[in-house]
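Undergrad: Got a predicted structure here, sequence first:
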Amino acid sequence: MMLTRESLLNWAMIAALLIVPVAAWSLDEPFIITLATKAAILALAGVGLNIALGLGGLISLGHAAFFGIGGYAMGILAAHAQNYEPLFEWPFLFEGSNQMPLIWLVAVVFSALAALVIGALSLRTSGVYFIMITLAFGQMLYYFAISWSAYGGEDGLSIWVRNEFPGLNTLDPIQFFAIAYVILCLALAFAARLARSPFGLALAAARQNEDRVQAVGLTPFTLRLTAFVISGAITGLAGALFADLNRFVSPTMLSWHTSGEIMIFVILGGVGRLYGPVAGTALYILLEHLLGGISDYWQIFLGVLLLLIVLFARGGLIGALAGREKAHG
Amino acid sequence: MADVVLKTDALNKSFGALQASRDVSLDLRPGEIHALIGPNGAGKSTLIKQIAGNLTPDSGTVELLGREVTALDTVARARMGLGRTFQISALAMEYTVLQNAVLGALGGRGRVFHFFRNVMKDPELLERARDALERVGLTDDANRRTADLSHGQRRQLEVAVALTLKPRLFLMDEPMAGLGTAGSKALTGFLDGLRQEAPILLVEHDMDAVFALADRISVLVYGQIIATGTADEIRANAEVRRAYLGEEDAA
Amino acid sequence: MTYILVLEQILNGLQLGMMLFLMAAGLTLVFGVMGLINLAHGSLYMVGAFAAAAVAGWTGSFLLALTASLAAAAAAGALMELVVIRRLYRRDHLDQVLATFALILIFSEGTRWLFGSFPLFLDVPSYLSGPVSLPGGIQYPLYRLTIILIGLAVAAGLFLLIARTRIGIQIRAGEADREMIAALGVDISKLYTVVFALGAALAGLAGALVGAIQSVQVGMGEPVLILAFVVIVIGGIGSIKGALAGALLVGMTDTLGSVFLPQLFAVFMDPASAASAGASLASMLIYILMAAILLVRPSGLYGGSA
Ligand SMILES: Nc1ncnc2c1ncn2[C@@H]1O[C@H](COP(=O)(O)OP(=O)(O)O)[C@@H](O)[C@H]1O
Ligand SMILES: [Mg+2]
């Protein structure tokens, strides 16, 4: 395989995301490790969104719903575990858990289910309707979380100790980073295969020309719904990790600003680029850190930058560095 | 095999006050090319869309391979073996030519829900796709971006994608438009052989092609079929001359 | 539960509905005429509220404050259209979403920078405060009644504007066919700016009117914006009539649901869990309504094809 500029850039990014925290670890700078962990987790959320958005052309402004469901899966299971209150006793005893693998499983299953329901309803429409409806369903869960006083309502839910992963000490920042990083790499590998698979070919074709896909006997709705569910599940997994990073989950994770931010990660990097979310998140966190140090109102600059990218540099960061996209295959 | 592959019975379709199909009944028999001609706006594309399942007729039925399909959608009809080319090319423009053909082969084979294997390395799909490209003469362009193709090449690719489906019948809406003389000639020759594989309902403006190819011709004017017959019968038909060929001559 | 309480809640629902209509009218016009989805519409609502609060603070006049809200939001809208929005008409929806989301960040943080993070207060003027007696013995706040009346007046004005005036004809023509109206010699870019500023002014007015009941703060426009989206999805995007119907439906459902659902649940639950379950369900009610309507009519009550 020939190494294009884009794939070189991708390798460089994924290497940098590993080297920076490892260097910070040897210099004993845990804060930087935490930033890198945050970048990896948010990039994972972006990889999830990118399957719907970049590959499927589905402009979902409701992905915070899945991110938040993942977060609450972590919060609820861990809260029950730490209070020794079973989650439910019938039909079988379920105690809550502080084991990450189980928490991830629950997060993935529930965000996938939510994506199935929301997707099945929203995908009956297209265009602006789809954007507004996904936004509205996300907001519905946001208000539901606020009114759900059993799990903290507006104040959210705090966990005292980070959850556990067999064989690792998750309280050690670099070990928790390793978990997030490995999951991100797995998700990227999965997304790459997906894009080249029969399913990916048909899905991206449905984005380009719906009539053509129907005329060859494939159903765009089913393709899109499947993509939406996969996308929601990955973003939900990111939500569980994000909540674990902060040891906190609140309705903010479900708010539409979160949806907008996940979308910004994808766009800053470049839509439809496999590694776009990695570049975008890294850039976002860098900006937040650098500009946030200069001004409390750094989001003004973020807004202006985003505006300039949308109006004048649609390929995003990767587009600027690696040039025009090639037809894949 | 059924003695007719496709049959429409008294199809009616109106857009507001405009009646685009009036009691349209026609059929397509095995091994034939049935051409549908008529002036612009006569309702040819509207008829094709009702046959393909994009438009629901106000009344009347469509039968495909002996089965009534009026209530089925495009996808179901495509799966039954209806291969179609669009008047305005409907292709995945970001894809290469080969990818478009592989998409067709994938649709023809079914089983799209595979998430891990590389679709562009699937020997069965590639063979089917390359085969179809070769038959329409696009082999050398297989790796070009579809958006970079000329208008005529896109028409050829439309036909190639329909071929990858290995359909039981073809529905072609103006496949020659914009091909140029040489291109039309080549495609005419190709369609001539293709009818042995599966019959073709052909909408076409290129009269040389129509009269050279068609076993039967139906003439559609103001949504209504005013005559059906062999090329000679249509040439001789007074009503057709008046309503249609006369106009062409005058233009 | 008396019928007076019910009537009072119906009036509250009507009041929320009229506010939503002011927001939704602009959104749906801009979408219908220009094909643009504008997330920053809520920022214009906020601009109106801040302008009103600032002017009321300086002058003490509520009328001047309302005028300022209209003027400031229209000006902000026109500026937004001239600098950013008009570059987006030919872009896809994704670009529109992103660019207008960027505008939200700029407007919100810019307002925070100018006015700080603390809420401002806009007082209901003395001549509009206090209750009035309505037929049937209902005591209802005069100010809320005024909002309902203003909303009705604006709705009537908009319908007249679109049905009767030159600009209304141009708007309808623009919805039907952009090239057509350009061919008729209408300066289309001027028309777009005017329509956009008009929608902005309505949003600003809504912000100012609500600002006197709630506090005026950064981010106040966003919950309303999302409700307005629900309204136009229900009503059918591009339709003013749909916006009015959707606004009333959403206003009523939301208001009546949050008052009466907990009471309904209390019939078969203990009071504490009835209150919390009722509140949870009420918070989701309008979205459930939206989902139900979409199942039956994917392009809304008055929409064409989706
Ligand atoms: N979706 C539609 N809505 C309204 N009118 C239509 C629509 N589709 C086609 N028509 C009208 O129906 C008539 C027949 O169109 P069409 O079938 O495309 O004609 P042809 O393919 O024979 O040129 C034309 O007058 C056209 O304007
Ligand atoms: Mg036609």
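TA: The structure has been received and is ready for your questions. Numbers count the residues shown, from 1 in each chain, chains lettered A, B, ... in the order given. Ligands and ions are numbered 1, 2, ... in the order given.
Undergrad: What residues does C:Ala52 make contact with?
TA: For C:Ala52, the contact set (Cβ atoms under 8 Å, 6 or more residues apart in numbering or on different chains) comprises C:Ala65, C:Leu66, C:Ala68, C:Ser69, C:Leu122, C:Gly207, C:Ala208, C:Gly211, C:Ala212, C:Val216. Quick note: C-beta positions are derived from backbone N, CA and C, even for glycine.
Undergrad: rerun that using 6 Å as the cut-off
TA: C:Ala65, C:Ala68, C:Ser69, C:Leu122, C:Ala208, C:Gly211 (Cβ atoms under 6 Å, 6 or more residues apart in numbering or on different chains).
Undergrad: quick one: which of these has the most company?
TA: Each of the contacts of C:Ala52 was scored for neighbours by other Cβ atoms under 10 Å in any protein chain shown, and C:Ser69 scores highest at 32 neighbours.
Undergrad: What is the neighbour count of residue 89?
TA: No chain in the question, so chain A it is. 9.
Undergrad: Switch to chain C, please.
TA: 16.
Undergrad: Please apply the same query to B:Gly193.
TA: 9.
Undergrad: Equivalent analysis for the one 5 residues further on, please.
TA: Under the neighbour criterion other Cβ under 10 Å, B:Ala198 is assigned a count of 21.
Undergrad: Now do the contacts for it.
TA: Here B:Ala198 is in contact with B:Pro167, B:Arg168, B:Leu169, B:Phe170 (Cβ under 6 Å, 6+ apart).
Undergrad: Now secondary structure too, for the contacts of C:Ala52, in CSV please.
TA: Below are those laid out as CSV (DSSP: H, G, I helix; E, B strand; the rest coil):
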residue, secondary structure
C:Ala65, helix
C:Ala68, helix
C:Ser69, helix
C:Leu122, coil
C:Ala208, helix
C:Gly211, helix
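Undergrad: Confidence-wise, which of these comes last?
TA: Looking at the contacts of C:Ala52 by pLDDT, the weakest one is C:Leu122, with 88.
Undergrad: if I pick that residue, what's in contact with it?
TA: Per Cβ under 6 Å, 6+ apart, neighbours of C:Leu122: C:Ala52, C:Ala53, C:Ala56, C:Gly211, C:Ala212, C:Val216.
Undergrad: As TSV, the residues you listed with distance to C:Arg144 and secondary structure would be great.
TA: Shown next, in TSV, are the contacts of C:Leu122 (distance: Cβ to Cβ, whole Å; DSSP: H, G, I helix; E, B strand; the rest coil):
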residue	distance to C:Arg144	secondary structure
C:Ala52	17	helix
C:Ala53	19	helix
C:Ala56	18	helix
C:Gly211	14	helix
C:Ala212	10	coil
C:Val216	18	strand
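Undergrad: contacts with chain A among the contacts of B:Ala198, please.
TA: Among the contacts of B:Ala198, none lies close to chain A by the criterion of Cβ under 6 Å from any Cβ of the partner chain.
Undergrad: The residues you listed: which two are farthest apart?
TA: Maximum pairwise distance in the contacts of B:Ala198, criterion Cβ to Cβ, is 9.0 Å, between B:Arg168 and B:Phe170.
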